[in-house]
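> show me the folded form of this:
(chains A and B)
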2 protein chains.
Amino acid sequence: MSIIGPLKLNVQILGADGPAISPGKAMVLEAVDQNGSISAAGRALGMSYRRIWLLVDALNSSWVEPVVVTRIGGGSRTSAELTHFGHLLLTNYRAVEAEMLAAARGPKLDWLVSSLRVVAQG
Amino acid sequence: MSIIGPLKLNVQILGADGPAISPGKAMVLEAVDQNGSISAAGRALGMSYRRIWLLVDALNSSWVEPVVVTRIGGGSRTSAELTHFGHLLLTNYRAVEAEMLAAARGPKLDWLVSSLRVVAQG
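Reported below is the predicted structural model:
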């Protein structure tokens, strides 16, 4: 979810079975990228291993190329990382979102925000 | 909800108790404007009188001015219409949404859409 002050934006790109990318899925990709495994991404986001795994599995089946790959490491550790395609997906999605947020700024949004009775804390 | 092909946009402006305006609330305002009463707006949208009334009541308490006014007409009919402020709210919200959608267009969105395994029907 992206925010400018009280403006909240939810951008989805729809595949066959609902959103192929969404604020929630992008957040999962960022957590996998930063934490290096499904389980560590789950801990970072306060989500179960199973929930993250299902989201990653849905991502991998929604796009023409895999988005996340997992590798059995030394011992029992399984690492996970974004593919080159996964990085492009995340970068392009975040860029489209940022362009949309930038386009929202202006006198019409200012009028809306200044007309709120109570402005939410963003 | 606004759509370009498989891109779905949900823009909210948050007040004290959640979205002060959202795709759903804008749709209710349009239905009241076009149908002239809460009950006719409900029939047009397939929503109960009570649900529409609660949304209109929330709209009226979220902004610095009333958004919808109701009037007892001849007989038992109660009409509802947007105030001048309500029209401005709807117009400005739809304009911000349209500017955001226009800003989404370009090579990055094209890349995302062409990388979907299956494109949803918008």
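> ok, which stretches of chain A are helices?
Taking DSSP state H, the helices of chain A run over residues A:23-35, A:38-45, A:49-62, A:84-104, A:107-114.
> among these, which comes closest to chain B?
Closest approach to chain B among the helices of chain A (Cβ to the nearest Cβ): helix A:84-104, 3.3 Å. C-beta here means a position set from N, CA and C on the backbone, and glycine is covered the same way.
> mind giving me the packing neighbours of that closest one?
Applying 3 or more Cβ pairs under 8 Å, 6 or more residues apart in numbering or on different chains; DSSP states H and E, we find helix A:84-104 packed against strand A:2-4, strand A:7-15, helix A:23-35, helix B:84-104, helix B:107-114.
> what does that helix rub up against?
The contact list for helix A:84-104 (Cβ atoms under 8 Å, 6 or more residues apart in numbering or on different chains) reads A:2, A:4, A:7, A:9, A:11, A:13, A:21, A:26, A:29-30, A:33, A:59, A:63, A:65-68, A:82, B:9, B:11, B:96, B:99-104, B:106, B:108-109, B:111-112, B:115.
> one more time with 7 Å
Helix A:84-104 is contacted from outside by A:2, A:4, A:7, A:9, A:11, A:21, A:26, A:29-30, A:63, A:65-68, A:82, B:96, B:99-100, B:102-104, B:108-109, B:111-112, using Cβ atoms under 7 Å, 6 or more residues apart in numbering or on different chains.
> give the buried residues for it.
For helix A:84-104, the neighbour count (16 or more other Cβ atoms under 10 Å in any protein chain shown) marks A:86, A:88-90, A:92-97, A:99-101, A:103-104 as buried.
> the inter-axis angle of it versus helix A:49-62?
Going by axes from the mean of the first three to the mean of the last three Cα atoms, to 10 degrees, helix A:84-104 is angled at 90 degrees with respect to helix A:49-62.
> tell me the angle of helix A:84-104 relative to strand B:7-15?
Using the same axes, to 10 degrees: helix A:84-104 against strand B:7-15 is 50 degrees.
> so helix A:84-104 versus helix A:23-35, what angle?
Going by the same axes, to 10 degrees, helix A:84-104 is angled at 130 degrees with respect to helix A:23-35.
> just the CA trace of helix A:84-104, in CSV.
C-alpha atoms of helix A:84-104 as CSV (Å, rounded to 0.1, in the frame of the first residue of the first chain):
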residue,chain,number,x,y,z
HIS,A,84,16.4,-11.5,-12.7
PHE,A,85,12.8,-11.5,-13.9
GLY,A,86,11.6,-11.2,-10.3
HIS,A,87,13.7,-8.1,-9.8
LEU,A,88,12.4,-6.6,-13.0
LEU,A,89,8.8,-7.3,-12.0
LEU,A,90,9.3,-5.7,-8.6
THR,A,91,11.2,-2.7,-10.1
ASN,A,92,8.7,-2.0,-12.8
TYR,A,93,5.7,-2.4,-10.5
ARG,A,94,7.2,0.0,-7.9
ALA,A,95,8.0,2.4,-10.7
VAL,A,96,4.4,2.4,-12.1
GLU,A,97,3.1,2.9,-8.6
ALA,A,98,5.6,5.8,-8.0
GLU,A,99,4.5,7.5,-11.3
MET,A,100,0.9,7.2,-10.3
LEU,A,101,1.5,8.7,-6.9
ALA,A,102,3.5,11.6,-8.4
ALA,A,103,0.6,12.2,-10.8
ALA,A,104,-1.8,12.4,-7.9
